[in-house]
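# Below are the sequence and a predicted model; questions follow.
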Amino acid sequence: MALVSWTLLVLGALALAAVLVLLALYVRRGILQRDGGFDMCVRGDSHDGWSGGWAFGIGRYRDDTLEWFRTFSFTTWPRRSFRRSSLVVDGRRQPDAEESYELPAGHVVLICRSNESSVEVSMTEPAATAFVTWLEAAPPGGQFAG
């Protein structure tokens, strides 16, 4: 009988911990999206320390930087940052057959270059339009006169 009680206590504690983890991730996501965040997946080159697959996250514009936060992370700092002055969109495409299972529905893929490294980002069509507009809205010379 004591073993059953301890087992139930441990299982209850594990369930509570799982609920708290999910709640923390939900609150973090809400805070990031309240600050102008949008769903954005990133896939970098394998030499960039990534396995090559798509990573889900939240993008957020801050001044001249696009910050990207992983969805399933507790950190408050961005995992990747892209400076507007060094980011170029080389092309746009629809997800291929394999990617259509990996990416959220309605996402388009933008092939970008940042500091001579290649990176692909995926976002909804309206977010992609806003992203390209943000890039094109950079002041001449890439720097603010100050």
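That came in fine, so what should we check first? Predicted model, so just to flag it, every value in this text is computed and none were measured.
# residues near residue 125, how many?
As a burial measure, residue 125 scores 11 neighbours (other Cβ atoms under 10 Å). All C-beta atoms are positioned from the backbone trio N, CA, C, and that covers glycine.
# show me the residues around the residue lying closest to residue 87 once chain neighbours are set aside that make contact.
Closest residue to residue 87 apart from its sequence neighbours, by Cβ to Cβ, 6 or more residues apart in numbering: residue 114 at 4.9 Å. Applying Cβ atoms under 8 Å, 6 or more residues apart in numbering to residue 114 gives the contacts 82-83, 86-88.
# Let me have these in TSV, extended by distance to residue 109, secondary structure and pLDDT.
Shown next, in TSV, are the contacts of residue 114 (distance: Cβ to Cβ, whole Å; DSSP: H, G, I helix; E, B strand; the rest coil; pLDDT from 0 to 100):
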residue	distance to residue 109	secondary structure	pLDDT
82	16	strand	91
83	21	strand	90
86	20	helix	87
87	15	strand	89
88	15	strand	90
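# Give me the buried positions along stretch 113-124.
114, 119-124 (16 or more other Cβ atoms under 10 Å).
# which of the residues you listed sit farthest apart?
114 and 124 (20.9 Å; Cβ to Cβ).
# From what I see, residue 87 and residue 64 are in contact.
No: using Cβ atoms under 8 Å, residue 87 is not in contact with residue 64, being 9.9 Å away.
# Identify all contacting residues around whatever helix or strand residue 122 lives in.
Using DSSP states H and E, residue 122 sits within strand 117-124. With contact meaning Cβ under 8 Å, 6+ apart, strand 117-124 is reached by 38-45, 48, 54, 59, 82, 95, 99, 103-104, 106-113, 131.
# Buried ones among the residues you listed?
Among these, those classed as buried by neighbour count (16+ other Cβ under 10 Å) are 38-44, 54, 59, 82, 95, 99, 103, 107-110, 112, 131.
# can you tell me which of these are in helices?
If you go by DSSP state H, those have 99, 131 in helices.
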